[in-house]
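1. Could you work out the structure for the sequence below:
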Amino acid sequence: MERVEILSLIEQFQFNFLDDNRWQFILSGLKNTIIITFFAVLLGIFLGFVIAIVRSTHDKTGKLKILNVICRVYLTVIRGTPTMVQLLIVFYVIFATIDPGKIVVAIIAFGMNSAAYVAEIVRSGIMSIDQGQFEAGRSLGLNYTQTMIKIILPQAVKNILPALGNELIVLLKETSISGYIGLMDLTRGGDIIRSQTYSALFPLLVVAAIYLVIVCFLTYLVGRLERRLRTNERK
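-> Predicted coordinates for the structure are as follows:
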């Protein structure tokens, strides 16, 4: 009986992935998922740092009032609306008349979404630095910008690296909704196989397993980073 069940599982695996080279849907989707995640993280970190610096500068000096209002509105809108709705707006509204490519649209949408969360992570890191550090920079003859770049940001980045790593993991999982704009991502690849074989179990299990392996690997890297940072602090 067990032998029959094993053979049945093997046959199901072959039917879902090996027949007609359906595994290529998974491979193609995985490649696009990695590309979107990588470039969206870069965009999110860049925009997030800019927003965080604007907001923290306003909190500490009272300057950049207009930019601070714009940043606060941006954060409120992005953090208060679903990621899927933002993706659809970028695709069907912002890029309604031009076609930069679905991958580019996804990168922009997920990058802008991630930036809102990265901004708050970075701002909390900056605000956690003791005010005495700013005063020490001033006593050395550094202006506000020089103090921020040479003294504050290096310390803040060290404190927030684990949180940024967790944001990367969250962003990776959020890209699973890319199929709503017809983009071939990992989840969409599994859906295509399911629509052809009328079998939901194996495609969904394989897609979930791939996400799980990637997330476990990233979690391991974030954990190692946290341990290394704690070790450096003790030294």
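2. The residue sitting nearest the centre point of the chain and Tyr144: what is the separation?
-> By Cα atoms, centre = their mean, the chain has its centre lying nearest to Leu171, at 2.8 Å. Going from Leu171 to Tyr144 by Cβ to Cβ, to the nearest Å gives 32 Å. Just so you know, the C-beta spots here come from the backbone N, C-alpha and C atoms, and that holds for glycine as well.
3. Please apply the same query to Pro82.
-> From Pro82 across to Tyr144, the span is 37 Å (Cβ to Cβ).
4. Comparing those two, which residue is more hemmed in?
-> Neighbours were tallied for Pro82 and for Tyr144 using other Cβ atoms under 10 Å; the higher tally belongs to Tyr144 (15 against 10).
5. any idea how far the residue nearest to that one when sequence neighbours are not counted lies from Asn143?
-> Leaving aside its sequence neighbours, Tyr144 sits nearest to Thr61 (Cβ to Cβ, 6 or more residues apart in numbering; 6.7 Å). Noted for Thr61: a distance of 11 Å to Asn143, by Cβ to Cβ.
6. swap in Ile26?
-> Separation of Ile26 from Asn143 (Cβ to Cβ): 53 Å.
7. Next: Ala40.
-> Distance of Ala40 to Asn143, computed by Cβ to Cβ: 34 Å.
8. and if you look at Cys216?
-> With Cβ to Cβ as the criterion, Cys216 and Asn143 are 45 Å apart.
9. name the helices or strands packed onto the longest helix along the chain?
-> Longest helix in the chain, counting residues (DSSP state H): helix 23-61. Applying 3 or more Cβ pairs under 8 Å, 6 or more residues apart in numbering; DSSP states H and E, one finds that helix 23-61 contacts helix 65-80, helix 102-128, helix 153-174, helix 186-197, helix 201-234.
10. out of the ones you listed, nearest to Ile45?
-> helix 102-128 (5.7 Å; Cβ to Cβ).
11. and that closest one with helix 65-80, angle?
-> Interaxial angle of helix 102-128 relative to helix 65-80 (axes from the mean of the first three to the mean of the last three Cα atoms, to 10 degrees): 120 degrees.
12. Show me which residues of the very next helix or strand once past helix 102-128 are buried.
-> Using DSSP states H and E, the next helix or strand after helix 102-128 towards the C-terminus is helix 131-139. Across helix 131-139, burial judged by 16 or more other Cβ atoms under 10 Å covers 134, 137.
13. packing partners for helix 131-139?
-> Looks like helix 131-139 contacts helix 144-147 (3+ Cβ pairs under 8 Å, 6+ apart).
14. just for the protein, where's the confidence low?
-> Along the chain, the model assigns pLDDT under 70 to residues 1-7, 230-235.
15. Check whether Met163 really touches Val122, as I assumed.
-> Small correction: residue 163 is Ala, not Met. No - using Cβ atoms under 8 Å as the test, Ala163 is too far from Val122 to be in contact (9.0 Å).
16. So between these two, which is more surrounded?
-> Between Ala163 and Val122, counting by other Cβ under 10 Å, Val122 is the more crowded of the two (27 against 17).
17. on that earlier part again, which of Ile26 and Asn143 has more neighbours?
-> The residue with more neighbours, out of Ile26 and Asn143, is Ile26; 20 against 9, by other Cβ under 10 Å.
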